[in-house]
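Q: could you look at this predicted model? Sequence included:
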Amino acid sequence: MKIETVIEDQLNKLLEIETEDRFTVESVYYRGDTLCISTQVGCPIRCSFCASGKEGLLRNLTAKEIVYQYELAVSDGMNIKNIAFAGIGEPLLNWENVKKAFYYFKEKGLRSSFYTTGFPVKNFIELLELPHSGVTLSLHGVNDRKRRELIPKGEKIENIISVFKEHLSGLSKRKRKLYSIAYLLISGVNDSKEELKELVRISKELGIGVSLLKYNEIEGIPYRTTSDEEYEKVFLFLRENGIKVTLSNRYRTRKIGGCGTLMVNRLKS
């Protein structure tokens, strides 16, 4: 593997990394200490709003290839303290290789967090028990019909929530801070008052906060981002209903390296 291209946009460094069989995947270095890494070439989940899975799954990355993303970034002079398994791919669908990489990073003294759709649920259960530094469940839809539209492959909401609730029920309030729900707000798609009320209910049932993400528009995908005004209204609605809300930070709203924008073979002809 090698770093073929580094693209910078003031806040993020987008790393395009080439594998030995000439695939490329992307990682992102941001906040001066965090590397967001990929776990698959493409993604079988094929979320309808995301650039990463447009071609489906091409292959899993090996544990060595996952680790090399970190090693190559360090060799390029990047100071990394945190690993986010939040790049291209669903970590739970390459679980054995992801676990090997996770324990490698732990031995290095790095903090590792995960973004996941929770599929398959048996691996989600195992993930929750790891000595991780955070797990964010990508929900995005609060009923099975809408979630299936946005996330075509996945567990039923009631199954995921049940598993999550059982795990969280045994944790202290301090440890629950390691967990959250990600909700990507898409204009006219999942932002109705009824859906937001259900999001409040789920968040309260689990006793954890919501990471409210702002959609990054992607060429060829018909969804639209919500306006800043509407985004703020949703934030205030959740807060007024007693939900702890984290907004999309400046790193996640970049056209380069932001949420949903990572691609496979971006620069290939």
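A: Perfect, I can see it now.
Q: just checking, what packs against the helix or strand residue 123 falls within?
A: Assigned by DSSP states H and E, residue 123 belongs to helix 121-129. Here helix 121-129 touches strand 111-116, helix 157-169, going by 3 or more Cβ pairs under 8 Å, 6 or more residues apart in numbering; DSSP states H and E. All C-beta spots, glycine's among them, are computed from the backbone N, C-alpha and C.
Q: helices of the stretch 151-269 of the chain, residue ranges please.
A: Assigned by DSSP state H, counting those that start in this stretch, the helices in the stretch 151-269 of the chain fall at 157-169, 173-176, 193-206, 228-240.
Q: need the helices and strands packed on helix 121-129 in JSON lines with mean neighbour count and mean pLDDT, can you?
A: JSON lines is the format used below for these (neighbours: other Cβ atoms under 10 Å; pLDDT from 0 to 100):
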{"stretch": "strand 111-116", "mean neighbour count": "20", "mean pLDDT": "98"}
{"stretch": "helix 157-169", "mean neighbour count": "16", "mean pLDDT": "96"}
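Q: out of these, flag the one nearest residue 139.
A: Across those, residue 139 has its closest neighbour in helix 157-169 (7.7 Å, Cβ to Cβ).
Q: switch the helices of the stretch 151-269 of the chain over to JSON lines; also include distance to residue 222.
A: Shown next, in JSON lines, are the helices of the stretch 151-269 of the chain (distance: least, Cβ to Cβ, whole Å):
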{"stretch": "helix 157-169", "distance to residue 222": "24"}
{"stretch": "helix 173-176", "distance to residue 222": "37"}
{"stretch": "helix 193-206", "distance to residue 222": "19"}
{"stretch": "helix 228-240", "distance to residue 222": "18"}
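Q: sorry, back to before: the helix holding residue 123 vs strand 111-116, what angle?
A: Using axes from the mean of the first three to the mean of the last three Cα atoms, to 10 degrees, the interaxial angle of helix 121-129 with respect to strand 111-116 works out to 150 degrees.
Q: okay, now the sheet partners of the next helix or strand after helix 121-129, with direction.
A: Once helix 121-129 ends, the next helix or strand along the chain (criterion: DSSP H and E) is strand 135-138. Applying DSSP bridges to the sheet, strand 135-138 is found paired with strand 111-116 (parallel), strand 179-185 (parallel).
Q: centre of the chain to the last one, how far?
A: Yep, that's strand 179-185 we're talking about. Distance of strand 179-185 from the chain centroid (Cα atoms, centre = their mean, to the nearest Å) equals 9 Å.
Q: and it, average pLDDT?
A: For strand 179-185, the per-residue pLDDT values average out at 96.
Q: that one vs helix 193-206, what angle?
A: Using the same axes, to 10 degrees: strand 179-185 against helix 193-206 is 170 degrees.
Q: re the thing from before, could I get the CA-only coordinates of the helix holding residue 123 as PDB?
A: The C-alpha atoms that make up helix 121-129 are tabulated as PDB, following Å, rounded to 0.1, in the frame of the first residue of the first chain:
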ATOM      1  CA  VAL A 121     -26.500  -7.500  15.100                       C
ATOM      2  CA  LYS A 122     -24.400 -10.500  16.400                       C
ATOM      3  CA  ASN A 123     -21.200  -8.500  15.700                       C
ATOM      4  CA  PHE A 124     -22.800  -5.300  17.100                       C
ATOM      5  CA  ILE A 125     -23.200  -7.100  20.400                       C
ATOM      6  CA  GLU A 126     -19.600  -8.100  20.400                       C
ATOM      7  CA  LEU A 127     -18.500  -4.600  19.400                       C
ATOM      8  CA  LEU A 128     -20.300  -3.100  22.400                       C
ATOM      9  CA  GLU A 129     -18.300  -5.300  24.700                       C
END
